[in-house]
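Asks: compute the structure for the input listed below.
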Amino acid sequence: MNEASERFVAGQTALVVVVPEAEPVVGVLRSDLDTAAAYGVPAHVTVLFPFLPVAAVDAAVLDALRDVVGAHAPFDATFAGCGRFPGVLYLVPAPDASWRALLTAVAARFPEAPPYGGAFDDVVPHLTVADGQGPEALDDAEAAVAPRLPVRTRVREVALLVFDGERWRRRADFPLSPDTPGAAGP
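Replies: Modelled structure (predicted):
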């Protein structure tokens, strides 16, 4: 059994904000220290994982995603520092309130798919750099990443990723709405 089949299941889905601006800073490290990267997962902040099985993602679910994500205004985000969970190094996104509002709204709309299977009381927005690593590897990764921060991005959409048994592939995008009250210009 390969590692992907142990960690991911064909037909599994995820909702993420892809952060291409982070790739030059964390891409090489992720390829070595985050197994998800080897299966096509780009640098991202997770919105909801695992989401619904792909067979359950029908037109009504896609419409609901458009509605819940579209109720949020695009926002600027900065990754200026690192944080840690046990065995994990991540970039900390700010403003925290904008991220949490988006993650909370999507999770509330789909209570049948609790974030991380309900494993955590507090879902912390983060961009994983290294996962399943020891303290020394995390220290080295942080030393390599920290001088290259900050990373800045504009959050404009949430992507639906689907695991096909070998790779994660982008299936659909759901834009945040610039017409939402409080939305700033591009």
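
Asks: how about the helices in this protein?
Replies: Secondary structure of the chain by DSSP state H: the helices cover 3-7, 23-33, 35-38, 59-70, 96-109, 135-145.

Asks: can you tell which of the ones you listed is closest to D164?
Replies: Nearest to D164, of all those, is helix 3-7, at 10.2 Å by CB to CB. In short, each C-beta sits where N, CA and C put it, glycine included.

Asks: pLDDT of that closest one, averaged?
Replies: The average of the pLDDT scores along helix 3-7 is 53.

Asks: of the helices of the chain, which is nearest H44?
Replies: Of all the helices of the chain, helix 35-38 comes closest under CB to CB, at 9.1 Å.

Asks: give the buried residues for that closest one.
Replies: T35, A36, A37 (16 or more other CB atoms under 10 Å).

Asks: which residues does that helix contact?
Replies: E3, A4, R7, G27, R30, S31, T128, D131, G132, W168 (CB atoms under 8 Å, 6 or more residues apart in numbering).

Asks: quick one, what contacts the closest residue to the fourth one other than its chain neighbours?
Replies: Meaning G27. Nearest residue to G27, sequence neighbours excluded (CB to CB, 6 or more residues apart in numbering): A43, at 6.7 Å. Applying CB under 8 Å, 6+ apart, one finds that A43 lies in contact with V18, V19, P20, A22, E23, V26, G27, R30, L127.

Asks: repeat for V162
Replies: G11, Q12, T13, V54, W168, R169, R171.

Asks: can you tell me how far the fifth one sits from Y39?
Replies: W168 sits 5 Å away from Y39, taking CB to CB, to the nearest Å as the criterion.

Asks: give me the common contacts of those two.
Replies: With CB under 8 Å, 6+ apart as the test, W168 and Y39 both reach F8.

Asks: on that earlier part again, could you measure from the residue nearest to G27 over to A107?
Replies: Distance from A43 to A107, by CB to CB: 22 Å.

Asks: may I have the beta-bridge partners of the residue lying closest to H44 once chain neighbours are set aside?
Replies: Distance criterion CB to CB, 6+ apart; nearest residue to H44, sequence neighbours excluded, is V16 at 4.0 Å. Assessed by DSSP bridges, V16 has beta-bridge partners T46, A159.

Asks: show me which strand runs longest in this structure.
Replies: If you go by DSSP state E, the chain has its longest strand at strand 75-85.

Asks: which secondary structure element of this protein has the lowest mean pLDDT?
Replies: None of the helices or strands of the chain scores lower by mean pLDDT, DSSP states H and E than helix 3-7, at a mean of 53.

Asks: quick one, the longest strand of the chain and helix 135-145 angle?
Replies: Relative orientation of strand 75-85 and helix 135-145, computed by axes from the mean of the first three to the mean of the last three CA atoms, to 10 degrees: 150 degrees.

Asks: where does this protein have low pLDDT?
Replies: 1-6, 180-186 (pLDDT under 70).
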